[in-house]
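A.B. asks: Predicted model, plus sequence, below.
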Amino acid sequence: MPYFEKNDLKMFYEDIGTGAPVIFMHGSFSRGIIAFASQIQKFQFSFRGIYPDLRGHGRTEAASMNWTTPLLAEDIIDLLDHLGIEQAHIIGHSMGADAAMYCAFHHPDRVKTMTSISSGGCPNADVKAYLEKYCPENIDCVKYCDFIEFLKADFEPAHRGNWEDFLRETIKIGEKYPDFSDEELQRITAPFLLIYGSDDILIKIEEIERLRRNIPNFTEVKIEGAKHFPHVTGNNAEEVNDILFEFLKKHL
């Protein structure tokens, strides 16, 4: 099992396939190969897929339970350095897409293309409400017992048994980031693909319009009938994979 170590961080990642490198950045409450299990088989014969567990998540260990979305982005740039990758395609889902946008903004020379799945690039009231139901003080331990057991088992290296603080930190970050001005969005120069579901209540039309208005090289694809996880098996994974492939092949 490969790890990348720097200062206070010991990051777990999977490195699967050959070809142009693609970094897959998972969303909140998930891990790399779990979040993108539906992409691994499709991508491995054409691309080198790298699936990290982001700071605070899964098997990745850090001295502190505190993190920010920009810090997640810097970890990915450090991982690219560790792997000797000069430039990569980055695909992120939800929180992972937020962090990917910081990679594209702060390190434009390292990002070949930028794909956001289900993130409009700014916090909103529905995201806050969605996250707050997982707050340890609010969570329905009966309804979400399987989710809690998953966090206890699969995230233990990250939270070291304190899954409650992990949830609090995730909620705090999700309510604050990303925080881009229009001028900052205009400085994201990598080809940018937004994939979103027509029935996703966590992404707003005005957010999409703002990205469309400001990002110079912007493309969007709406998946009819999809919600917040269009890339997952049982939802619209095959359609999303075809869209991703076409976009990446266009920008090799």
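C.D. replies: Done, it's in. These figures come from a predicted structure and were not determined experimentally. Residues are numbered from 1 along each chain as shown.
A.B. asks: Enumerate every residue touching residue 235.
C.D. replies: Each residue near residue 235 by C-beta atoms under 8 Å, 6 or more residues apart in numbering is listed here: 226, 227, 229. Glycine gets a C-beta too; all of them are placed from N, C-alpha and C.
A.B. asks: Just confirm it is within a helix.
C.D. replies: No: assignment of residue 235 by DSSP: H, G, I helix; E, B strand; the rest coil gives coil, placing it outside any helix.
A.B. asks: which helices and strands sit right next to the helix or strand of the chain with the lowest mean pLDDT?
C.D. replies: Lowest on mean pLDDT, DSSP states H and E among the helices and strands of the chain sits helix 125-132, with a mean of 86. Contacts defined by 3 or more C-beta pairs under 8 Å, 6 or more residues apart in numbering; DSSP states H and E place helix 125-132 against helix 163-176.
A.B. asks: Give me the neighbour count for residue 49.
C.D. replies: Neighbour count for residue 49, taken as other C-beta atoms under 10 Å: 25.
A.B. asks: quick one: stretch 164-181 to chain centroid distance?
C.D. replies: Centroid separation for stretch 164-181 versus its chain: 13 Å, with C-alpha atoms, centre = their mean, to the nearest Å.
A.B. asks: Give me the contact list for that stretch.
C.D. replies: 28-29, 56, 65-70, 95, 98, 101-102, 105, 119, 121-123, 127-128, 131-132, 134-136, 139, 151, 155, 158-159.
A.B. asks: Quick one: low-confidence residue ranges for the stretch 1-150 of the chain.
C.D. replies: Counting by pLDDT under 70, the stretch 1-150 of the chain contains low-confidence ranges at 1.
A.B. asks: Do a quick rundown of the helices in it.
C.D. replies: 32-35, 37-43, 69-83, 95-106, 125-132, 145-154 (DSSP state H, counting those that start in this stretch).
A.B. asks: Would you format those as a markdown table with distance to residue 210 and mean neighbour count included?
C.D. replies: Converted to a markdown table, the helices of the stretch 1-150 of the chain look like this (distance: least, C-beta to C-beta, whole Å; neighbours: other C-beta atoms under 10 Å):
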| stretch | distance to residue 210 | mean neighbour count |
| --- | --- | --- |
| helix 32-35 | 25 | 23 |
| helix 37-43 | 27 | 18 |
| helix 69-83 | 18 | 19 |
| helix 95-106 | 12 | 26 |
| helix 125-132 | 15 | 15 |
| helix 145-154 | 32 | 14 |
